[in-house]
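Novice: Okay, here's the prediction I keep looking at, along with the sequence it came from:
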2 protein chains.
Amino acid sequence: MSQAPAADKRRAILDAAITVFARQGFHSARVSDVAAEAGVAYGLVYHYFDSKDQMLNELFSERWALLVEASQEIRRSDVPPREKLAGVANFIIESYRHEPELMKVIIVEVTRAANSFGRTHLPEIRQAYELVAEIVSDAQVAGEFRDDVDPDFAAMVFYGAIEQLLTGWIFESIPAADDDYERAKRLVVETICDGLEPRPVSDAVAG
Amino acid sequence: MSQAPAADKRRAILDAAITVFARQGFHSARVSDVAAEAGVAYGLVYHYFDSKDQMLNELFSERWALLVEASQEIRRSDVPPREKLAGVANFIIESYRHEPELMKVIIVEVTRAANSFGRTHLPEIRQAYELVAEIVSDAQVAGEFRDDVDPDFAAMVFYGAIEQLLTGWIFESIPAADDDYERAKRLVVETICDGLEPRPVSDAVAG
DNA sequence: CTCTAGATTGACTGGTCAGTCAGCCGGGAT
DNA sequence: ATCCCGGCTGACTGACCAGTCAATCTAGAG
């Protein structure tokens, strides 16, 4: 081995793929671009991966599993439902904050690409949505959320909002300073839990 | 002319493009597929259009202009804000109901494809979002909506939800009977206006 | 020192399509 | 009758790129 346990080259290629896919988009990213970015010969990519697609699949699944895991833990935790939703929003937004390139690739090329890769990973994606639906459903059973909103529908609105938010950051159509992330976390939950119409009586939700 | 004013062939090609793009996705749709679907020679497509891209651009812009127009009219109309949002949701959902193929192409290939065509049409897309934001903002000024929710943010949640909904129908992951459309229209507005948490006092919204 | 297996290299192949172009066809004008 | 012209045709070209493969390298085992 040149200077590191072989697996590091594999990782280097995967990391290069993140950068290149984020910069050019999966479709217009050439395998040769990934190899160049990783400082590796073209052929080596095919030593570690079966295809260009496989790289993206792996990037997605690796990361998405963490989200599902985190969501499950949040669901089980013993806090008010509002905080559970905040927890999920927090996890996703922090993921973006720490690894914007990877998240960009996941959102743009998989989550929002319902046609191609989104189709392949639909079961995984659904799983995350369903966990939010279950959080809502649990809350309804406990009488903490109105029970005349369909939980699946609520999850749809929740993920729709977050996806829209990330898309805005990804394409720099909304500001992305530290405050903005924090503000966004707050607003998603507030908007979804409290709604747009005024509430006659303060529910006294001590921040 | 063979049998119709020449412009009809142009329309036929555009209609064929809708069908083919909806069926195969823009990327894997070949220009020859469009020509075949339209029952027209390959070269004729390039007689009427400069490129494959131009066809999609035209399909999108043509239709999106209607949405923007409708949104402007709804904003100006003299009804409660809740009904304005319902109006926009109604317009979009009815568009899908009547021309699912065209809407599928618009959503999948442009609106959600923030990378490629979405980028090109971002100004147009934004315009529609901003109109919803203005509807919310107007309502806040009039004291009909809480003013501690950012209007742009509310618009984001609104469109995020609708897009998610359409995506669900497009990929048949949620049921799409007549009732479902009507139910969805109601739920979007209810969820967004009333929120998930219970309201201590009935606002007496006579459905 | 030699052997072997896995890591690494990059030129090459095969297939795919968007877009071009040289020419045909049919109907109206003269 | 003949010319003209825009609509129309479809074979062809050029560019692009994922994936292959035979050859080379390197390091540790014997």
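Specialist: Now that the structure is in, tell me what you want to look at.
Novice: Does the residue nearest to the spatial centre of chain A belong to a helix, a strand or coil?
Specialist: Closest to where the C-alpha atoms of chain A average out (C-alpha atoms, centre = their mean) is residue A:92, at 5.2 Å. Using DSSP: H, G, I helix; E, B strand; the rest coil, the structure places residue A:92 in helix.
Novice: quick one, what contacts it?
Specialist: A:67, A:162, A:166 (C-beta atoms under 8 Å, 6 or more residues apart in numbering or on different chains). Bear in mind the C-beta positions are built from the backbone N, C-alpha and C, glycine included.
Novice: The first one reaches residue A:93, doesn't it?
Specialist: No. Using C-beta atoms under 8 Å, residue A:67 and residue A:93 do not qualify as a contacting pair, with a distance of 11.6 Å.
Novice: want to throw the contacts of residue A:92 into JSON lines with pLDDT and distance to residue B:84?
Specialist: Output for these, formatted as JSON lines (pLDDT from 0 to 100; distance: C-beta to C-beta, whole Å):
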{"residue": "A:67", "pLDDT": "98", "distance to residue B:84": "35"}
{"residue": "A:162", "pLDDT": "97", "distance to residue B:84": "25"}
{"residue": "A:166", "pLDDT": "97", "distance to residue B:84": "27"}
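Novice: Just the buried ones from those residues?
Specialist: A:67, A:162, A:166 (16 or more other C-beta atoms under 10 Å in any protein chain shown).
Novice: nearest residue to the last one other than its sequence neighbours?
Specialist: This means residue A:166. residue A:107 (5.3 Å; C-beta to C-beta, 6 or more residues apart in numbering or on different chains).
Novice: What is the burial count for that neighbour?
Specialist: Counted with other C-beta atoms under 10 Å in any protein chain shown, residues neighbouring residue A:107 total 20.
Novice: and what of the one 10 residues further on?
Specialist: The local packing of residue A:117 (other C-beta under 10 Å) involves 19 other residues.
Novice: The helix or strand hosting residue A:10 and chain B, any residue contact?
Specialist: Element membership of residue A:10 [criterion: DSSP states H and E] is helix A:7-24. No. Judged by C-beta under 8 Å from any C-beta of the partner chain, helix A:7-24 stays clear of chain B, getting no closer than 9.2 Å.
Novice: who does that helix touch, helix- and strand-wise?
Specialist: helix A:31-38, helix A:42-48, helix A:52-76, helix A:100-105 (3 or more C-beta pairs under 8 Å, 6 or more residues apart in numbering or on different chains; DSSP states H and E).
Novice: Thought residue A:57 was touching residue A:17, still the case?
Specialist: No. Between residue A:17 and residue A:57 there is no contact under C-beta under 8 Å: 11.0 Å.
Novice: Could you list the residues of chain A in contact with DNA strand D?
Specialist: A:1-2, A:28-32, A:42-43, A:46, A:51-53 (C-beta under 7 Å from any atom of the strand).
Novice: how about low-confidence regions in chain A?
Specialist: Residue ranges of chain A with pLDDT under 70: A:1-7, A:200-207.
Novice: Check it for the residue nearest DNA strand C and tell me.
Specialist: residue A:43 (1.7 Å; C-beta to the nearest atom of the strand).
Novice: Please identify which helix or strand holds residue A:114.
Specialist: Using DSSP H and E, residue A:114 falls outside every helix and strand.
Novice: do the same with residue A:140
Specialist: helix A:122-141.
Novice: Give me the angle between that helix and helix A:52-76.
Specialist: Using axes from the mean of the first three to the mean of the last three C-alpha atoms, to 10 degrees, the direction of helix A:122-141 lies 10 degrees away from that of helix A:52-76.
Novice: Which parts of helix A:122-141 count as buried, going by neighbours?
Specialist: A:125, A:127-140.
Novice: and the helices and strands packed on helix A:7-24, which is most packed in?
Specialist: helix A:100-105 (a mean of 21; mean count of other C-beta atoms under 10 Å in any protein chain shown).
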